[in-house]
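Chemist: Okay, predicted coordinates and the sequence, questions at the end:
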Amino acid sequence: MAAKYLSVPLRYRLICNSSRSAVQDDGRGVCPLFKERGVVEREHFDRAVELLVRDAECLLKSRGLAYDPQSHLLAKVNLLFEATTEVSSARGVSNGGVEN
């Protein structure tokens with residue numbers, strides 16, 4: 001969703017399907033973002049998480065934000081959220097883009 005609102009194309013397309021979401025990797029097909037014993041291989045799940053991290057890093061780079069590559073995915077997403085909301089607040093924008 002952040003990529004859509006920030007108008008930044010993601011390198012790896014996300015397939016949003018509730019608890020069955022996945023990441024599409026052009027070279028390897030679709031990697032699931034869920035674990036299911038006996039159905040999803042651990043390597044595919046790990047690859048999906050890696051691609052999701054790369055997408056988050058792409059968003060951070062597009063906003064010119066410095067980040068620690070070793071930090072957790074949620075820390076990166078939080079950094080993006082905080083920086084984006086600070087910019088919106090500084091512009092006086094809230095309530096869905098309506099200026100105050």
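Modeler: In hand now; what should we look at? Numbers count the residues shown, from 1 in each chain.
Chemist: Quick check, pLDDT for residue 37.
Modeler: For residue 37, the model assigns a pLDDT of 78.
Chemist: tell me the SS of it?
Modeler: Secondary structure, DSSP: H, G, I helix; E, B strand; the rest coil: residue 37 is coil.
Chemist: what's around it, how many residues?
Modeler: 5 (other CB atoms under 10 Å). C-beta coordinates here come from the backbone N, C-alpha and C atoms, glycine included.
Chemist: One more: the one 10 residues further on?
Modeler: Residue neighbour count, defined by other CB under 10 Å, stands at 17 for residue 47.
Chemist: Not counting sequence-adjacent ones, nearest residue to it?
Modeler: residue 31 (4.6 Å; CB to CB, 6 or more residues apart in numbering).
Chemist: so is residue 14 in a helix, a strand, or just coil?
Modeler: Residue 14 - assigned by three-state DSSP - is strand.
Chemist: That one and residue 55 touch, don't they?
Modeler: Yes: counting by CB atoms under 8 Å, residue 14 sits close enough to residue 55 to count as a contact (7.1 Å).
Chemist: Just want to know which of the two has more residues nearby.
Modeler: Neighbour tally, residue 14 and residue 55, criterion other CB under 10 Å: the higher count belongs to residue 55, 20 against 17.
Chemist: Read off the pLDDT value for the more buried one.
Modeler: Looking at residue 55, its pLDDT reads 93.
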